[in-house]
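**Q** just coords:
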């Protein structure tokens, strides 16, 4: 996995992963792994949180999906924007290392069609999304609120990410980040 401590300006962050810095205490993003599905200088940035599963599959959330094709599709808290909106994403890993084709914000029929055509396609749903206005994310990156990474197939396949995944990734980046990532939430209470 290509992890960096400092933000290196790129032409586009689409397809990248953001890892919140241990010092980022905003409850919306503390200890999160965010996949950036779209990024542009004039439109801003759109992403979804990957490591906040809501603990229910789509079939458990809504009876209309119980026992059907989408019954076992995992659902994640996508972010603080439009939390009531369900976003469907599908992706397939390609031959090149860590390369994938993403279908983001698709309807359920399209997701089912993709899965029927290719059993390797993975599907997940997100309640809400994460968004930044033009220049906002770049400012946060300059302030080192986020660490940038590329998407790693071994780590991110099967969407089995939990809150603890953030600690493992960030803690493995450096000794300093290991200490910060593993510090108690309220050290003054110890």
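**A** Alright, I've got the coordinates. Keep in mind the model is a prediction, meaning the values are calculated, not measured.
**Q** dump the residue contacts of the residue nearest to residue 99 when sequence neighbours are not counted.
**A** Among residues not flanking residue 99 along the chain, residue 93 sits closest, at 7.2 Å (CB to CB, 6 or more residues apart in numbering). Using the backbone N, CA and C atoms, a C-beta is placed for each residue, glycine as well. By CB atoms under 8 Å, 6 or more residues apart in numbering, the contact list for residue 93 reads 99-100, 120, 153, 157.
**Q** Check what pLDDT residue 93 gets.
**A** For residue 93, the pLDDT comes out at 84.
**Q** quick one on the thing from earlier: ok, of the contacts of residue 93, which one's closest to residue 88?
**A** Nearest to residue 88 among those: residue 100, at 16.0 Å, using CB to CB.
**Q** what's across from the closest one in the sheet?
**A** When bridges are called by DSSP bridges, residue 100 pairs up with residue 93.
**Q** just residue 20 next, same as before
**A** On DSSP bridges, the residues paired with residue 20 through beta bridges are residue 146.
**Q** Now for it: which residues touch it?
**A** Under the contact definition (CB under 8 Å, 6+ apart), the residues listed for residue 20 are 29-34, 145-147, 166.
**Q** Show me where the chain has its strands.
**A** According to DSSP state E, the chain carries its strands in the segments 3-4, 16-20, 33-40, 44-49, 53-57, 74-77, 81-93, 100-106, 122-132, 146-150.
**Q** tell me the angle of the second one relative to strand 33-40?
**A** Going by axes from the mean of the first three to the mean of the last three CA atoms, to 10 degrees, strand 16-20 is angled at 130 degrees with respect to strand 33-40.
**Q** what's the spacing between strand 16-20 and its chain's center?
**A** On the basis of CA atoms, centre = their mean, to the nearest Å, the separation between the geometric centre of strand 16-20 and that of its chain is 7 Å.
**Q** What of the longest one?
**A** Between the centre of strand 81-93 and the centre of its host chain there is 10 Å, according to CA atoms, centre = their mean.
**Q** Start at 12, not 1
**A** Sounds good: first residue 12 from here, last item strand 92-104.
**Q** Now that strand: buried residues?
**A** Buried residues in strand 92-104, defined by neighbour count with 16 or more other CB atoms under 10 Å: 98-104.
**Q** so which of those residues comes closest to residue 135?
**A** Closest to residue 135, out of all of those and judged by CB to CB, is residue 100, at 5.6 Å.
**Q** Skipping adjacent residues, who's closest to that closest one in space?
**A** Of all residues beyond its chain neighbours, the one nearest residue 100 is residue 115 (4.9 Å), with distances taken as CB to CB, 6+ apart.
**Q** in this structure, what spans have low per-residue confidence?
**A** Flagging of the chain using pLDDT under 70 yields the residue ranges 12-22, 166-171, 198-201.
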